[in-house]
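Q: What follows is a predicted protein model with its sequence.
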Amino acid sequence: MRIWNFKTKTGATDDTKIRLPMKWGRRKGIIEDVDVVSESVSFLAEPKKFTIQAEGDLSQAKVEIKEDETTKIDAADKVKAKYSIEYLKKMIGGSKISDSVVVQFSKDYPLRIEYKEVDRMTLSFILAPRVEND
């Protein structure tokens, strides 16, 4: 079983952690599904819910993952960040080497994806956010 472990840094002492067990096909499928709609994807972490969404001119896609016995979401506040789907699809390909993935993100802060195989290797990616102008 593959695992996504999301950590959202919202402050020096306030870390949001989301642990999501998923199989490779489903995880890759989510990003490919939202790619049809837009060139960027938003990650939204909030208490007991993690959302992946994209909005285009004509349509939108939204995948909500709620906390249950296999999914642990520890978020104090809402945190939203936006990233390029083109690069994110390439980064997710790295999960072929590991069953464990750690993802860290925060508002207007780079996304970090880290694949670890204990005592064998670590593969990390960093992706700059797409900052929205108000």
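A: Great, that's in hand.
Q: In three-state terms, label the residue sitting furthest away from the middle of the chain for me.
A: Distance from the C-alpha centroid of the chain, by C-alpha atoms, centre = their mean, peaks at Asp119 (24.9 Å). Reduced to three states with DSSP: H, G, I helix; E, B strand; the rest coil, the structure at Asp119 is coil.
Q: That one and Val101, how far apart?
A: Separation of Asp119 from Val101 (C-beta to C-beta, to the nearest Å) stands at 17 Å. Using the backbone N, CA and C atoms, a C-beta is placed for each residue, glycine as well.
Q: Look up which residues are beta-bridged to Lys62.
A: Gln53 (DSSP bridges).
Q: switch to numbering from 649
A: Okay, residue one is now 649; in that scheme the one you just asked about reads as Lys710.
Q: In contact with it, which residues?
A: Contacts of Lys710 were listed using C-beta atoms under 8 Å, 6 or more residues apart in numbering, and they are 699-702.
Q: Give me the pLDDT value at it.
A: What the model reports as pLDDT for Lys710 is 91.
Q: gap between it and Ala693?
A: For Lys710, the distance to Ala693 - C-beta to C-beta - is 14 Å.
Q: Tell me if I am right that Leu736 is in a helix.
A: Yes: counting by three-state DSSP, Leu736 is found in a helix.
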